[in-house]
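1. Any chance you could fold what I've pasted below:
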Amino acid sequence: MTQREALIAMNRVSGLGAITVKRMAERFGSLTSVFEASESDLREISGIGFEKARQFASDLKRVRADEEVERAARSGVTLVTWADEGYPTLLKQIADPPLVLYVAGSVEALNRPCVGVIGTRHPTVYGRETARRFGFQLAGAGYTVVSGLATGIDTEAHQGAVQAKGRTVAVLGGALDCLFPKENSGLAREMVAAGGAVVSEYPFGRQPDRQTFPMRNRIVSGLCKGVLVVEAPLASGTLITVGQALDQNRSVMAVPGRIDSPASQGCHKLLREGARLVTTADDVIEELQDLMAGAARSRGAAVKPADEGVEPRPVCVLSSEERAVLAQIDVEGTTVDAVVRGSGFDAGQVGALLVGLQIKRMVRLLPGGLVARRSDGGCLA
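-> Here you go, the predicted model:
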């Protein structure tokens with residue numbers, strides 16, 4: 001068994017993610033050695049209890065890579081693993097990159113300069129027109145437009161890119177053979193035909209559900225240097241992607257809307273908290289080019305002596321609601337449900353407040369639905 005085959009097989013084990021796989025490989029010396037580990041051996045891995053050790057030991061004995069490889073070949077799908085050169089460089093740098101990417105279309109599109117365009121499933125006419133225009137202009141400028149193929153803003157951004165005959169990538173919340181929503185099947189085919197791709201981390205047959213959709217958001221942001229929020233209410237699931245983007249050190253941009261439109265309140269909050277305000281595709285391109293230039297300078301810069309040229313951390317002000325939420329979070333990690341219960345706010349309010357705290361570098365998201373207070377204190381409160 002090769003490392004590539006090991007990753008494809010491991011990806012078929014329910015509940016086995018990147019962080020645990022890395023720990024297994026460190027403990028047993030290689031990915032292939034994991035398949036020879038006993039239940040008691042697996043229990044020694046941090047984060048694996050009795051139940052998971054039993055399940056993993058059983059599943060690792062029965063899963064095979066060859067079945068998935070053969071099915072992918074029949075379907076015209078490319079499997080890209082950590083062990084492959086084509087695995088997207090930016091995505092590999094996040095905390096929990098997918099073990100395997102199932103790619104229908106161009107793998108190269110994932111390694112080109114990408115920008116995420118995201119937003120609500122229930123946009124206004126203004127939101128639809130704006131998302132389509134940004135998708136068209138960004139794809140026309142040579143960027144790969146990445147989104148989630150959901151109805152609403154995602155669909156409009158993809159369609160705009162296709163109309164520009166540019167590249168666009170959809171990251172699904174289920175397997176490629178369980179595409180959702182089904183009414184976007186035709187759009188998905190157009191995207192692939194135009195040189196883009198439809199991508200999933202899930203093995204064939206995995207239906208999307210309420211757990212898989214939030215998980216795919218880290219891939220949307222992970223592929224990109226920055227994400228653009230076109231329209232989102234305060235309680236929008238879009239803010240989950242924003243949270244992932246912030247923890248991955250991606251730029252967050254937002255489009256302003258009508259001050260009396262509930263559909264734009266999430267964008268306005270992001271802007272108040274420090275997101276880059278954009279009104280044209282040129283604004284987005286300028287932001288992305290500044291990021292790439294800054295990264296290049298960082299790679300070539302000499303190391304400065306301590307305290308030389310170091311700017312002080314910015315001072316930021318926390319609202320009473322943000323302080324109440326922050327008080328429920330510790331540095332080791334707290335579940336979002338616990339934060340909701342402890343703060344007394346509803347889940348939508350907590351989600352919006354957590355995004356603000358992330359922008360202010362006070363908290364960070366952890367795998368497994370946890371949020372942790374930053375040990376470096378973020379900006380000065």
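
2. Once you drop chain neighbours, what's closest to G274?
-> Residue nearest to G274 in three dimensions, not counting chain neighbours: I359, with 4.9 Å by C-beta to C-beta, 6 or more residues apart in numbering. Where C-beta positions appear, they are placed from N, C-alpha and C, glycine not excepted.

3. and the gap between the one you found and R54?
-> Distance of I359 to R54, computed by C-beta to C-beta, to the nearest Å: 42 Å.

4. now swap in Q265 and tell me
-> Using C-beta to C-beta, one obtains 46 Å as the distance from Q265 to R54.

5. When those two are compared, which one has more neighbours?
-> Between Q265 and R54, counted using other C-beta atoms under 10 Å, Q265 has the larger neighbour count: 19 against 14.

6. Report pLDDT for that one.
-> Here the pLDDT value assigned to Q265 is 95.

7. ok, now which ones touch the spatially most central residue of the chain?
-> The centroid of the chain falls nearest to R218 when counting by C-alpha atoms, centre = their mean (1.5 Å). Shown in contact with R218 (C-beta atoms under 8 Å, 6 or more residues apart in numbering): I94, D96, Q244, Q248.

8. Could you identify which of the residues you listed has the most neighbours?
-> Busiest of the contacts of R218 [other C-beta under 10 Å] is Q244, holding 25 neighbours.

9. Now do A18 against A197, distance only.
-> Distance, A18 to A197, using C-beta to C-beta: 21 Å.

10. What of E67?
-> From E67 over to A197 the distance is 23 Å, taken as C-beta to C-beta.

11. So for the two, which sits in the more crowded spot?
-> With neighbours defined as other C-beta under 10 Å, E67 and A197 compare such that A197 has more, 25 against 14.

12. Once you drop chain neighbours, what's closest to the more buried one?
-> Once flanking residues are discounted, A197 sits nearest to G105: 3.3 Å by C-beta to C-beta, 6+ apart.

13. ranges for the strands of the chain?
-> 78-81, 100-105, 114-118, 144-147, 168-171, 197-200, 226-229, 251-254, 276-277, 334-335, 363-366, 370-373 (DSSP state E).

14. hey, least reliable of those strands by pLDDT?
-> Of all the strands of the chain, strand 363-366 has the smallest average pLDDT, which comes to a mean of 83.

15. what's next to it, contact-wise?
-> 95, 243-244, 246-247, 326, 329, 333, 354, 357-358, 371-374, 378.

16. now stretch 85-102
-> Here stretch 85-102 makes contact (C-beta under 8 Å, 6+ apart) with 7-8, 10-11, 17-19, 21, 72, 77-82, 107-108, 110-111, 114, 175-176, 199-204, 218-219, 222-225, 247-248, 366-367.

17. Run through the chain and note the low-pLDDT ranges.
-> Counting by pLDDT under 70, the ranges of the chain that qualify are 291-317, 376-381.

18. Mind jotting down where the helices sit in the stretch 1-150 of the chain?
-> 3-10, 18-28, 39-43, 50-62, 66-75, 89-92, 125-140 (DSSP state H, counting those that start in this stretch).

19. Dump the ones you listed into CSV; add distance to A232 as well.
-> Below are the helices of the stretch 1-150 of the chain laid out as CSV (distance: least, C-beta to C-beta, whole Å):
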stretch, distance to A232
helix 3-10, 34
helix 18-28, 28
helix 39-43, 41
helix 50-62, 35
helix 66-75, 34
helix 89-92, 23
helix 125-140, 9
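
20. Can I get stretch 2-15 as PDB, trimmed to CA atoms?
-> Extracted C-alpha coordinates of stretch 2-15, given in PDB (Å, rounded to 0.1, in the frame of the first residue of the first chain):
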ATOM      1  CA  THR A   2       1.300   3.400  -0.900                       C
ATOM      2  CA  GLN A   3       0.800   6.600   1.100                       C
ATOM      3  CA  ARG A   4      -1.600   7.800  -1.600                       C
ATOM      4  CA  GLU A   5      -3.700   4.600  -1.300                       C
ATOM      5  CA  ALA A   6      -3.600   4.900   2.500                       C
ATOM      6  CA  LEU A   7      -5.000   8.400   2.400                       C
ATOM      7  CA  ILE A   8      -7.800   7.400   0.000                       C
ATOM      8  CA  ALA A   9      -8.700   4.500   2.300                       C
ATOM      9  CA  MET A  10      -8.600   6.600   5.500                       C
ATOM     10  CA  ASN A  11     -10.800   9.200   3.900                       C
ATOM     11  CA  ARG A  12     -13.600   6.500   3.800                       C
ATOM     12  CA  VAL A  13     -13.500   6.000   7.600                       C
ATOM     13  CA  SER A  14     -16.200   8.000   9.300                       C
ATOM     14  CA  GLY A  15     -15.000  10.600  11.800                       C
END
